[in-house]
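In: Based on what follows, work out the 3D shape:
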Amino acid sequence: MNTSVLFGIIYNVLIIMYLNNLEDKSCNCIMDWRHNYIKYFCGVIIILEILTLIINIDNKSIILKIFSNLLVVLLTHIVYLHMLEI
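Out: As a prediction, the model looks like this:
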């Protein structure tokens, strides 16, 4: 099992928990597009890291690594465009 992937999942979950904690406190300082962007981006990263654990990209070919990097770029762009609409 890849410890860096597990660390990444835990780190992103902590970020989402922190952002949700700020929302519960009704802090107006966080009501910005960047807050939502970080929240959704962390969710995308968690999903990709779980997929990495499932298919074990470290032991696969270079094509899967390139595909996963392109997927991160694509999902990041989609999340960013979605945030611009809100």
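In: contacts, neighbours, all on C-alpha from now
Out: Will do.
In: how much space between residue 20 and residue 35?
Out: 10 Å (Cα to Cα, to the nearest Å).
In: ok, these two, which is more surrounded?
Out: Of the pair residue 20 and residue 35, residue 35 is the one with more neighbours under other Cα atoms under 10 Å, namely 17 against 13.
In: Spell out which residues sit in contact with that one, please.
Out: residue 19 (Cα atoms under 8 Å, 6 or more residues apart in numbering).
In: Let me know the next secondary structure element after the helix or strand where residue 43 lies.
Out: Assigned by DSSP states H and E, residue 43 falls within helix 33-55. Going down the chain from helix 33-55, the next helix or strand is helix 62-85, by DSSP H and E.
In: I'd like the distance from that following helix to the chain centre, please.
Out: 10 Å (Cα atoms, centre = their mean, to the nearest Å).
In: now the lowest-mean-pLDDT helix or strand in the chain against helix 33-55, angle please.
Out: In the chain, no helix or strand scores lower on mean pLDDT, DSSP states H and E than helix 62-85, which sits at a mean of 72. Our comparison of helix 62-85 with helix 33-55, counting by axes from the mean of the first three to the mean of the last three Cα atoms, to 10 degrees, yields an angle of 160 degrees.
In: Identify each buried residue in helix 62-85, please.
Out: Within helix 62-85, the residues scored as buried using 16 or more other Cα atoms under 10 Å are 68, 72, 75, 76, 79, 80, 83.
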